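Student: Provide a 3D model corresponding to the input given below.
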Amino acid sequence: MKKTGKKAVHSDVFLAREDFNKNEVRKINGIKGIVEKGGGEKAQIKLKEKGKLPARERIARLIDEGTRFFEIGTLTGYGMYEEYGGAPSSGTITGIGKVKGRDCMIVANDATVKAGAWFPITCKKNLRAQEIIMENKIPAIYLVDSAGVFLPLQDEIFPDKEHFGRIFRNNAKITSMGIPQIAAIMGPCVAGGAYLPIMSDEALIVEGHGSVFLAGSHLVKAAVGEIIDNESLGGALVQSNISGVTDYVMKNDEECIDQIRSLVDKFAINAKAGFNRIEPQMPVYDPKEIYGLFPEDRVKQYDVYDILSRILDGSEFDEYKAGYGKTIVCGYGRIDGWSVGIVANQRTVVKSAKGEMQVGGVIYSDSADKAARFIMNCNQRKIPLLFLQDVTGFMVGSRAEHGGIIKDGAKMVNAVANSVVPKITIITGNSYGAGNYAMCGKAYDPRFIFAFPSAKISVMGGAQAGNVLLDIKIKQLEKSGEKLSEEKKAALLKEILDSYESKSYPLHAASRLWIDEIIDPAQTRNIVSRAIEIADNNPDIPHFNPGVIQV
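Tutor: Numbering: from 1, shown residues only. You can find the predicted model right below:
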């Protein structure tokens, strides 16, 4: 065990970086603040006048006092569906909260956003929530208040495998896994959406506000000619006392939430995975110094050991193969007392075992080989993995190809894909191409995936992509007989780069749920600790079988 990192010198460079990164965090927090208002303050007031609590107030009352809601997908839908007025947080709030001391996934429709209607991205967010439920074996609480599918986009939400119907399929699967599901019908619950609460184990309904039916009164009249109001058709008393569809009639939101807490309080206490945890220690160096250490420009260098020393308990790190494959740093440490295995890209110029210089952020054969072996060790010892991504991809060129870079890269990807311990990924800087895959990008099933505001996710760097796209565009125009001046080429390149950069920015990724949240770098320790605590709820870790890995 050795101390890692070094004391920060608060130079002009440090202060400039600190100012830049703090400002990026402020921007993201400002956007989150707007998103958290849902359909706006007027819509919130209107809801309260009806005697209903806004979705975030429902969640605040539901979770244990003094605890924090671990939100997933705050920025989902950001910048999307603007032609329809937007969909802040996709009209649904999801995250993990402590309810009577138990971690529970909470899914709450926000009735201030298009009456809680489901957009295509809303469906994706609900499926992500259910994925987290199943992976971590935590109870589900659905706070239902939704007008159903957003009809103008019904073709993008209804028929496919990962569309609306998959949610009800997952309800059935979750119950079959022995995971409790409780649903509270706190507003309309219509058509296919009626199946979600009724496929839960128990359903509560709020009198005067909650209703559940396959077709509302207007459609009933059109379909069968019957004239009836919604309350008589499928209101709380009808569905509880006549049909027996729902289990508890509640007077108001407050009573409903208190009843949910009482039900959860009776759940059995399940076994844990038993990940190693001891008394936490703070790092030797202040975690807030990450702001001043991480460069504002994604091509500038920094030392990942300095970042680790602001995250790890006591700034202590057992480094694995320290002198070999230096563009990936691997080793064991603790975060808030939890034992973790670290796989981190190193963005500095380093020497390889053979003595030549290597560029950090690129994965070489020796780095890939080292990482694959380390990942296998963590799986054998049941140690959760933390990937810190700042990768521009695998090394290219004849020397790399002759050295077997594809074979060694495949070995690393294989180990990541077959890993059975919880994987948590944080994209700190660049995340390009196959490097994203090898460092446990979204396609490789991390339990949770986060990004710093400085992250950049794309198939390749902007400069390289811009020149490739410009070349293609110029050739297309020349085929049609158009010749471009240097000024027009420069303007076209700027247009291409601006579009490419905006789609590489983490807000674009967060809005589409490629990442779960954009996080404050200074909160990395707290977020990783909470993620491992949630993962610890699933005691069933299968035997690790790495498949075919060439040595």
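Student: Let me see the contact set for Lys321.
Tutor: Residues in contact with Lys321 (Cβ atoms under 8 Å, 6 or more residues apart in numbering) are Cys330, Lys370, Arg373, Phe374. In this view, the C-beta of every residue, glycine as well, is placed from N, C-alpha and C.
Student: Show the contacting residues for the second one.
Tutor: Yep, that's Lys370 we're talking about. Tyr320, Lys321, Tyr324, Gly325, Ile328, Cys330.
Student: rewinding a little: so of the contacts of Lys321, which ones are in strands?
Tutor: When those are checked against strands (DSSP state E), the matches are Cys330.
Student: so which of the contacts of Lys321 comes closest to Ile515?
Tutor: Cys330 (23.0 Å; Cβ to Cβ).
Student: Name the spans of the protein whose pLDDT lies under the cut-off.
Tutor: Applying pLDDT under 70 to the chain flags residues 1, 192, 352-358, 460-470, 500, 547-551.
Student: Grab the longest helix from it for me.
Tutor: Counting residues, the longest helix in the chain under DSSP state H turns out to be helix 12-35.
Student: Next, the buried residues of that helix.
Tutor: Arg17, Glu18, Phe20, Asn21, Lys22, Glu24, Val25, Ile28, Ile31, Lys32, Val35 (16 or more other Cβ atoms under 10 Å).
Student: now, among those residues, which is nearest to Tyr444?
Tutor: Ranked by distance to Tyr444 (Cβ to Cβ), the buried residues of helix 12-35 are led by Ile28 at 24.9 Å.
Student: circling back to that earlier point, what does the helix or strand that the longest helix of the chain is followed by contact?
Tutor: Using DSSP states H and E, the helix or strand that follows helix 12-35 in sequence is helix 41-49. By Cβ under 8 Å, 6+ apart, the surrounding residues in contact with helix 41-49 are Lys37, Gly38, Leu53, Pro54, Ala111, Thr112.
Student: Which phi and psi values does Ser480 adopt?
Tutor: Backbone torsions of Ser480, given as degrees, to the nearest 10, read phi -90, psi 10.
Student: Now do it against Lys473, distance only.
Tutor: Distance of Ser480 to Lys473, given as Cβ to Cβ, to the nearest Å: 11 Å.
Student: Show me which of the two is the more surrounded one.
Tutor: More crowded of Ser480 and Lys473, by other Cβ atoms under 10 Å: Lys473, with 16 against 6.
Student: Who's the closest spatial neighbour of the more buried one, skipping the chain neighbours?
Tutor: Taking Cβ to Cβ, 6 or more residues apart in numbering, and ignoring the residues beside it in sequence, Lys473 has Leu492 as its nearest neighbour in space, at 6.3 Å.
Student: just checking, the one you found touches Leu484?
Tutor: Yes. Between Leu492 and Leu484 a contact is recorded at 7.1 Å, counting by Cβ atoms under 8 Å.
Student: joint contacts of the two?
Tutor: Residues within reach of Leu492 and of Leu484 at once, by Cβ under 8 Å, 6+ apart, are Ile474.
Student: can you pull out the helices in the stretch 101-250 of the chain?
Tutor: Counting by DSSP state H, counting those that start in this stretch, one finds helices in the stretch 101-250 of the chain at the ranges 120-136, 164-176, 195-198, 217-224, 230-234, 236-237.
Student: Which of those sits closest to Asn414?
Tutor: Nearest to Asn414, of the helices of the stretch 101-250 of the chain and by Cβ to Cβ, is helix 120-136 at 20.6 Å.
Student: Just the angle for the closest one relative to helix 164-176, thanks.
Tutor: When axes from the mean of the first three to the mean of the last three Cα atoms, to 10 degrees is applied, the directions of helix 120-136 and helix 164-176 differ by 20 degrees.
Student: helices or strands next to helix 120-136 in the packing?
Tutor: The helices and strands touching helix 120-136, judged by 3 or more Cβ pairs under 8 Å, 6 or more residues apart in numbering; DSSP states H and E, are strand 70-72, strand 92-99, strand 102-109, strand 140-146, helix 164-176, helix 524-535.
Student: Out of the ones you listed, which is closest to Glu517?
Tutor: Among the helices and strands packed on helix 120-136, strand 70-72 comes nearest to Glu517, with 6.6 Å by Cβ to Cβ.
Student: Contacts made by that closest one with the rest, please.
Tutor: Under the criterion Cβ under 8 Å, 6+ apart, residues 93-97, 128-129, 132, 448, 516-517, 530, 534 lie in contact with strand 70-72.
Student: count of neighbours near the closest residue in space to Tyr195 that isn't next to it in sequence?
Tutor: Nearest non-adjacent residue to Tyr195, counting by Cβ to Cβ, 6+ apart: Phe168, 4.6 Å away. If you count neighbours by other Cβ under 10 Å, Phe168 ends up with 16.
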